[in-house]
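>>> attaching a predicted model along with its sequence, questions to come.
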Amino acid sequence: MAIMMIWVNALSAWLTLASFIGYAFIYTGYLKHATPQNIVIGGLAGAMPPLLGWSAVSNTIDPDALILVLIIFAWTPPHFWALAIHRKDDYAKSGVPMLPVTHGEHVTKIHILVYTVILVGTTALPFFSGLSGPFYLTIAMLSGAGFLYYACKLMFRPKASTPMDTFRFSIIYLAILFVALVIDHYLV
């Protein structure tokens, strides 16, 4: 923390500390084993890197940085719940109350679909805030359609491989979004 205070700024240091406490103690130490909504509540700490980077450069908490946090926050549940369906037995054996363990796969798939719809809507916010332009919005909506395809396939026509296919696509999807933001900002 002292290094952050000296070499970066106090705001970034405090935000980093808050993120660490949120992840290491609140999520990992408590929520992970306390509620099937652990991913939703704890997802905020994991979504903080854009705000930490933004505040390190600008020494501010900017609304556009909060939009980036919101995108990752909305992405976290469908991403991890797809993996949790695939690893349901492991979570059950370890006593971690992941949604597929406590409420079943059908309820989890509904949650994945709902959160994916929320996520796709959220990814339009950079365009409407002026952070990005039409290039990003087009890429966000096209890749969002891909994520919705996987969420719908998981819900309505699943195969044994569909949870992991959805999980893998979610990783690629998030990378596509942030690369599109950079391209839109610097090259378009």
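Thanks, I have the structure now. Residues are numbered from 1 along each chain as shown.

>>> which positions in stretch 28-43 come out as buried?
Of the residues in stretch 28-43, those with enough neighbours to count as buried (16 or more other CB atoms under 10 Å) are Leu31, Lys32, Pro36, Asn38, Ile39, Val40, Ile41, Gly42, Gly43. Every residue, glycine included, has its C-beta placed from N, CA and C.

>>> if you could redo that for stretch 145-155, that was the one I meant.
Across stretch 145-155, burial judged by 16+ other CB under 10 Å covers Gly146, Phe147, Leu148, Tyr150, Ala151, Leu154, Met155.

>>> name the nearest of the residues you listed relative to Phe169.
Ranking these by separation from Phe169, with CB to CB as the measure, puts Tyr150 on top at 5.0 Å.

>>> wait, doesn't the closest one sit right on Arg168?
No. Shown here, Tyr150 and Arg168 do not form a contact pair, counting by CB atoms under 8 Å, at 9.1 Å.

>>> circling back to that earlier point, and the two most separated of the buried residues of stretch 28-43?
The largest distance within those, taken as CB to CB, falls between Pro36 and Gly43 and amounts to 13.3 Å.

>>> sec struct for Met4, please.
Recorded secondary structure, Met4: helix (DSSP: H, G, I helix; E, B strand; the rest coil).

>>> neighbours around it, how many?
18 (other CB atoms under 10 Å).

>>> name the element the nearest residue to it once chain neighbours are set aside belongs to?
The shortest distance from Met4 to any residue other than its chain neighbours is 3.6 Å, reached at Ala13 (CB to CB, 6 or more residues apart in numbering). According to DSSP states H and E, Ala13 maps onto helix 10-20.

>>> flag every buried residue along that helix.
The neighbour-count check on helix 10-20 (16+ other CB under 10 Å) flags Leu11, Ser12, Ala13, Leu15, Thr16, Ser19 as buried.

>>> any idea which of those is closest to Ala47?
Ser19 (9.1 Å).

>>> which residue packs closest to that closest one, ignoring adjacent ones?
The spatial neighbour of Ser19 that comes closest, neighbours along the chain excluded (CB to CB, 6+ apart), is Met48 at 4.2 Å.

>>> turn the buried residues of helix 10-20 into a markdown table, columns for distance to Gly121 and pLDDT.
Conversion of the buried residues of helix 10-20 to a markdown table gives the following (distance: CB to CB, whole Å; pLDDT from 0 to 100):
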| residue | distance to Gly121 | pLDDT |
| --- | --- | --- |
| Leu11 | 29 | 95 |
| Ser12 | 29 | 95 |
| Ala13 | 33 | 96 |
| Leu15 | 26 | 95 |
| Thr16 | 29 | 94 |
| Ser19 | 25 | 93 |
